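[1] below: sequence and its predicted model.
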Amino acid sequence: MHESTPLVSIGRILLAAMMFVLVLPYHPKAVDNRDWSQATPSEIHAEMGRRKAMALEAARRREALISSAVQANTQTNYDVTFYDIYLRLNDTTQMIYGRVGMTATATQDGVSAVDIDLYNNMPIDSIVSPSGPLTYSRAGNVVTVNLDHPYNTGESFSFVTYYNGHPVTGGFQAFSFDVHSGNTVMSSLSEPYLARTWWPCKDRPDDKADSFHIAIEVATQFYCGSNGTLDSTVATSPNTHTFYYTVHYPMTTYLFSVAASVYTVWQQDYVYNGGLDTMPVVHATYPDMYSYALPRWGKTPDYIASLAKYYGEYPFTSEKYGHSNFEWGGGMEHQTMTSMTGSTFGFAEPV
């Protein structure tokens, strides 16, 4: 289990403020036709306050619901160290086909079963450990996995969950199949307890895995933005390709991000350490917003440099920073790849 270091916490808070990351969990498809480039800073700050108040109220309702559930305190017997995630997104059927490996260590003696989180509308095909298939049971949105043998404190175990389904929609929606200018947009916004609606995990913000391997397979016309370093993009079939990312820093489950669509992708360099090092800043912009994004998102390296002078270096320099457009009514400070609404509000950054 990893708590946020002060530097990482400050970095996330500052970038959230800088990029005006505003979440509208209960209105993911809210229409925002205002040209926010014409708004005054005070008007934008007022809108920020309104959206943050809505997000806070939504988060409180979610937290109360999750905390009241029996399973809220049944996951203290293990600590997740690594996730190995492979997701195939079908934009036609709006289905997710997933394979999620989890490695963890026991935090007490005699751990013979563990609870993971996955909404019950997402069918499980099988759960398999290195020694073979495991038995499991489901109660509500909790999956109890029976391990191959008891594990004592500090001992490591792992298993892979094979599953599929169309994520829940409505008030507790965290994965969305939307459309922008005729193109499908597949994206996530899971804060704070809704990663479980679309992938199996220990969905607790207080347990950060040390690292992630992320692979997202999509149709060839789509680019997929996600967390960490893009290691490769590999043709998987005549009609699909897979984006392989590695996350080297601890990350909680709700920060795992997917944003896949037809994007115009462009990259800048953030230069730091006295000019000796560079970090990529990657932007995945809706094509119809590309010219609008250039002078706005294009300021990002300068903003990071300015903040670093006062608050310390950006904490994920060995990976990247960037943005992906999505259709939710605000934004989300996903680790190393912020998701931003595609309206002009998603590009408004008054100083």
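    Now that the structure is in, tell me what you want to look at. Bear in mind that the values here come from a model prediction, so they are computed numbers and not experimental data.

[2] drop to CA atoms for contacts and neighbour counts, all remaining ones
    OK.

[3] pretty sure G165 sits against Y119.
    No - G165 lies out of contact with Y119 (CA atoms under 8 Å); the separation is 10.0 Å.

[4] which parts of the stretch 101-250 of the chain are helices?
    Assigned by DSSP state H, counting those that start in this stretch, the stretch 101-250 of the chain shows no helices.

[5] okay, now the unreliable bits of it?
    171 (pLDDT under 70).

[6] same thing but at 80, please
    170-172 (pLDDT under 80).

[7] which helix or strand contains R61?
    helix 41-68 (DSSP states H and E).

[8] roughly how far does I44 sit from Q221?
    35 Å (CA to CA, to the nearest Å).

[9] and if you look at Y270?
    28 Å.

[10] compare the two (neighbour count), which wins?
    Using other CA atoms under 10 Å, the more surrounded residue of Y270 and Q221 is Y270, with 20 against 13.

[11] hang on, isn't that one packed against T278?
    Yes - counting by CA under 8 Å, T278 is a contact partner of Y270 at 5.4 Å.

[12] which residues are in contact with the nearest residue in space to C224 that is not next to it in sequence?
    Once flanking residues are discounted, C224 sits nearest to A260: 4.1 Å by CA to CA, 6 or more residues apart in numbering. Listed by CA atoms under 8 Å, 6 or more residues apart in numbering, the contact set of A260 reads 185-187, 218, 222-225.

[13] A260 sits in which helix or strand?
    Per DSSP H and E: strand 259-261 holds A260.

[14] avg pLDDT for that strand?
    The pLDDT scores in strand 259-261 average 98.

[15] so in that sheet, which strands flank that strand, and in what orientation?
    As defined by DSSP bridges, the strand partners of strand 259-261 come to strand 183-188 (antiparallel), strand 223-225 (antiparallel).

[16] ok, and what's touching the shortest one?
    When contacts are taken as CA under 8 Å, 6+ apart, the neighbours of strand 223-225 outside the stretch itself are 216, 218, 243, 257-263, 284, 324, 337.

[17] between these, which is closest to Y311?
    Nearest to Y311, judged by CA to CA, of the contacts of strand 223-225 is M337 at 20.0 Å.

[18] spit out the contact partners of the closest one.
    225-228, 257, 320-324.

[19] cutoff 6 Å now
    227, 321-323 (CA atoms under 6 Å, 6 or more residues apart in numbering).

[20] sheet-wise, list the partners of the helix or strand just after the helix holding R61 with their directions.
    The C-terminal neighbour of helix 41-68 among helices and strands, as given by DSSP H and E, is strand 78-90. Looking at strand 78-90 with DSSP bridges, its partner strands are strand 95-106 (antiparallel), strand 211-219 (parallel).

[21] please name the nearest non-neighbouring residue to L194.
    A174 (5.9 Å).

[22] could you measure the one you found against F256, distance?
    Counting by CA to CA - A174 and F256 are separated by 11 Å.

[23] compare the two (neighbour count), which wins?
    The residue with more neighbours, out of A174 and F256, is A174; 25 against 22, by other CA under 10 Å.

[24] so that one sits right up against L189, yeah?
    Yes - under the criterion of CA atoms under 6 Å, A174 makes contact with L189 at 5.0 Å.

[25] for the nearest residue to Y119 once chain neighbours are set aside, what are phi and psi?
    Spatial nearest neighbour of Y119, chain neighbours left out: N141 (4.4 Å); criterion: CA to CA, 6+ apart. The phi and psi values for N141, taken as degrees, to the nearest 10, are phi -100, psi 20.

[26] list the residues that contact N141.
    118-120.

[27] got TSV for those, with neighbour count and distance to V234 too?
    As requested, the contacts of N141 are arranged in TSV below (neighbours: other CA atoms under 10 Å; distance: CA to CA, whole Å):
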residue	neighbour count	distance to V234
L118	25	29
Y119	22	30
N120	18	32
